[in-house]
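Student: just coords:
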């Protein structure tokens, strides 16, 4: 079992930046791929970014390419999402996900473990 706890959300003005963190605990000795997803009010949860276990491979949704950066520190069992040039449409609850996948998981179905989410609100 892997527990995930997100932090770093908050309220920011358009054009601003936030860094989300996701700390993993429990059975973290395996090679876990990690991902970030988000869900805006009235919408389905969507893929944002993902990173493989080594950190050498990443993937991004088209809507965040060039603005968001995913990274990880395996020594700290933590994955990060640096979000720059934030837009009001980035407002959502952001979820961290993990699973023992060998590649970069861009679909929710790849992940068995999920955090509780952290709210990000971007004002115009």
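Tutor: Noted; the coordinates are in hand. As the structure is a computational prediction, the values presented were derived from the model and not from experiment. Numbers count the residues shown, from 1 in each chain.
Student: contacts and neighbour counts: CA atoms only from here.
Tutor: OK.
Student: Just the buried positions in stretch 52-66, please.
Tutor: Using 16 or more other C-alpha atoms under 10 Å as the test for burial, stretch 52-66 gives 52-55, 58-60, 64.
Student: do the same with stretch 71-85
Tutor: 71-72, 74, 78-81, 83-84.
Student: what's the answer for stretch 93-102, then?
Tutor: Within stretch 93-102, the residues scored as buried using 16+ other C-alpha under 10 Å are 93-101.
Student: just stretch 107-115 next, same as before
Tutor: 108, 110-111, 113-115.
Student: Let me see the mean pLDDT of stretch 116-124.
Tutor: Throughout stretch 116-124, pLDDT has a mean value of 97.
Student: got the contact list for that stretch?
Tutor: 4-14, 86-96 (C-alpha atoms under 8 Å, 6 or more residues apart in numbering).
Student: Can you add secondary structure and give the buried residues of stretch 93-102 back as a markdown table?
Tutor: Shown next, in a markdown table, are those (DSSP: H, G, I helix; E, B strand; the rest coil):
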| residue | secondary structure |
| --- | --- |
| 93 | strand |
| 94 | strand |
| 95 | strand |
| 96 | strand |
| 97 | strand |
| 98 | strand |
| 99 | strand |
| 100 | coil |
| 101 | coil |
